[in-house]
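1. turn this into a model:
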Amino acid sequence: MKPGKTGFTRVAHAFGYSLQGINAAWKHEASFRQEIWMAAVLLPLAVWLATSHIELILLVASVFWVIIAELINSSVEAVVDRTGSEVHELSGRAKDIGSAVVLFSLILLALVWGIIACHRFF
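-> So this is what the prediction gives:
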């Protein structure tokens, strides 16, 4: 175990670092801002659309998964960009794979919302 903060102090600092990460994503990542706005629209709609607690959990979780995927993708891009500006196959691969994570999370969101909407209206 590495030395450092423990107990509540560690938790408080970790929370602060998380808030810094959210702030950095908001400031530097247009896609993150778009997905937060999407969540602001979809989360209230989820409460209206869901006909059970399970449906509500699926709808909400699919929205949060998009945001989580975007945060992971943005962090990978930041690390790759920090290491240098030269074109490298592995750097491109890392960024492309991060982008694929976001794509699959958006596909999951569309599937979950589509299936639940079809169940409700048809």
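2. quick one: list the elements packing against the helix or strand harbouring A40.
-> Assigned by DSSP states H and E, A40 belongs to helix 30-49. For helix 30-49, the contact count by 3 or more C-beta pairs under 8 Å, 6 or more residues apart in numbering; DSSP states H and E identifies helix 7-28, helix 53-83, helix 89-121 as packing neighbours. No exception for glycine: its C-beta is placed from N, CA and C like everyone else's.
3. what helices or strands is the last one leaning on?
-> Okay, so that is helix 89-121. If you count contacts as 3+ C-beta pairs under 8 Å, 6+ apart, helix 89-121 packs onto helix 30-49, helix 53-83.
4. could you dump those into a markdown table with mean pLDDT, mean neighbour count and distance to R10 added?
-> Shown next, in a markdown table, are those (pLDDT from 0 to 100; neighbours: other C-beta atoms under 10 Å; distance: least, C-beta to C-beta, whole Å):
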| stretch | mean pLDDT | mean neighbour count | distance to R10 |
| --- | --- | --- | --- |
| helix 30-49 | 98 | 14 | 26 |
| helix 53-83 | 96 | 16 | 21 |
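5. would you turn those helices into a markdown table with distance to S91?
-> Converted to a markdown table, the helices and strands packed on helix 89-121 look like this (distance: least, C-beta to C-beta, whole Å):
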| stretch | distance to S91 |
| --- | --- |
| helix 30-49 | 19 |
| helix 53-83 | 5 |
